[in-house]
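S.K.: generate a structure from the sequence data that follows.
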Amino acid sequence: MTPKVMRQLWSVVETTQTKTLLQLDDASLVHWLVKQIKTQALLDCHESDFLSDYVKSRLALIRDLAQERQYS
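M.R.: As a prediction, the model looks like this:
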């Protein structure tokens, strides 16, 4: 995954409503985030799979960030 795609992912996480990040189940959230990035960047199937795995490994962090934003 390129640094640009990684920045785009975290930008999407930061600008997405906390309700969306907290209410979707894990699989739906991964799918939704990957879909958002695919609209911004051309990804081949390997990059897409890697991005999906990366998001899965960061779900707890993504939800923690969303909860923190919700209460601040």
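
S.K.: ok, residues contacting whatever helix or strand Glu68 lives in?
M.R.: The secondary structure element spanning Glu68 is helix 59-70 (assigned by DSSP states H and E). By CB atoms under 8 Å, 6 or more residues apart in numbering, the surrounding residues in contact with helix 59-70 are Val13, Glu14, Thr16, Thr18, Leu21, Leu22, Asp26, Leu29, Val30, Leu33, Val55. C-beta: built from backbone N, CA, C; applies to glycine.

S.K.: select only the buried ones of the residues you listed in ChimeraX?
M.R.: To isolate in ChimeraX the members of those that are buried, counting by 16 or more other CB atoms under 10 Å, one can use:
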select :13,16,21,29,30,33,55
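
S.K.: reformat the contacts of helix 59-70 as TSV; add pLDDT, distance to Asp49 and secondary structure.
M.R.: Compiled in TSV, the contacts of helix 59-70 are given as follows (pLDDT from 0 to 100; distance: CB to CB, whole Å; DSSP: H, G, I helix; E, B strand; the rest coil):
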residue	pLDDT	distance to Asp49	secondary structure
Val13	97	19	helix
Glu14	96	24	helix
Thr16	96	22	coil
Thr18	95	27	helix
Leu21	96	22	helix
Leu22	96	25	helix
Asp26	97	16	helix
Leu29	98	17	helix
Val30	98	11	helix
Leu33	97	14	helix
Val55	98	11	helix
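
S.K.: closest one of the contacts of helix 59-70 to His46?
M.R.: Of all the contacts of helix 59-70, the one sitting nearest His46 is Val55; the distance, using CB to CB, is 15.1 Å.

S.K.: pretty sure Lys4 contacts Leu43?
M.R.: No: distance between Lys4 and Leu43: 11.1 Å, which falls outside the contact criterion (CB atoms under 8 Å).

S.K.: who has more neighbours out of the two?
M.R.: Shown here are Lys4 and Leu43; by other CB atoms under 10 Å, Leu43 has more neighbours (17 against 10).

S.K.: give me the element that one is part of.
M.R.: Counting by DSSP H and E, Leu43 is found in no helix or strand.
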